[in-house]
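Participant: Pasting a predicted model and its sequence here:
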Amino acid sequence: MRILAWDEFDRCIERITHLCRKQKFCGVYGFPRGGLCLAVALSHSLNIPLLKKYKTGCLVVDDVYETGRTLREVEGISTITTYVWLSKVQPDWWNAVEISDATEWLVFPWENIEFAKIDEKAYQISRKLPE
């Protein structure tokens with residue numbers, strides 16, 4: 001289990017801000033739940049509106065890319081730029097601040113650690129993985 005800290009979150013925001021500083025976005029959209037934290041911080045950092053829905057010309061963010069199910073919603077929209085904090089696979093059409101081990105259980109700073117332990121155990125049992 002990897003427990004991420006707020007200072008790591010801050011470095012992620014700084015990195016995305018640096019990489020996107022020359023781009024013009026109409027706003028930033030974050031997929032609920034983890035993407036919202038990133039979107040709010042990037043809205044302030046890049047001085048762009050926080051969007052309730054993604055749209056043409058926006059920045060879309062999420063906390064983690066695991067299966068791709070969430071981000072698939074914006075795949076193929078060429079006018080959208082997409083970033084995740086952590087990707088458990090090598091990025092293809094999206095951008096990742098960091099690559100994480102696919103088997104590593106991630107706990108983000110806004111998550112409850114005790115609940116995360118329960119979630120991880122339930123996940124391992126559902127997949128019959130060693131604890």
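Facilitator: Arrived safely. Residues are numbered from 1 along each chain as shown.

Participant: okay, CA-based contacts and neighbour counts for the rest of this
Facilitator: Will do.

Participant: quick one, phi psi at residue 63?
Facilitator: Main-chain torsions, residue 63, degrees, to the nearest 10: phi -80, psi -40.

Participant: out of everything not next to it in sequence, what's closest to residue 46?
Facilitator: residue 17 (6.3 Å; CA to CA, 6 or more residues apart in numbering).

Participant: how much space between that neighbour and residue 66?
Facilitator: 23 Å (CA to CA, to the nearest Å).

Participant: for stretch 88-107, how far is the first residue from the last?
Facilitator: Per CA to CA, the first residue of stretch 88-107 is 14 Å away from its last.

Participant: where's residue 10 relative to residue 120, distance?
Facilitator: 25 Å.

Participant: More neighbours: the two, which one.
Facilitator: Each of residue 10 and residue 120 has its neighbours counted (other CA atoms under 10 Å); residue 120 has more, 18 against 12.

Participant: And the helices in this structure, which stretches?
Facilitator: Taking DSSP state H, the helices of the chain run over residues 6-20, 34-46, 113-127.

Participant: For this structure, which residue occupies the most central location?
Facilitator: The centre of the chain sits closest to residue 63, judged by CA atoms, centre = their mean, with a distance of 2.0 Å.
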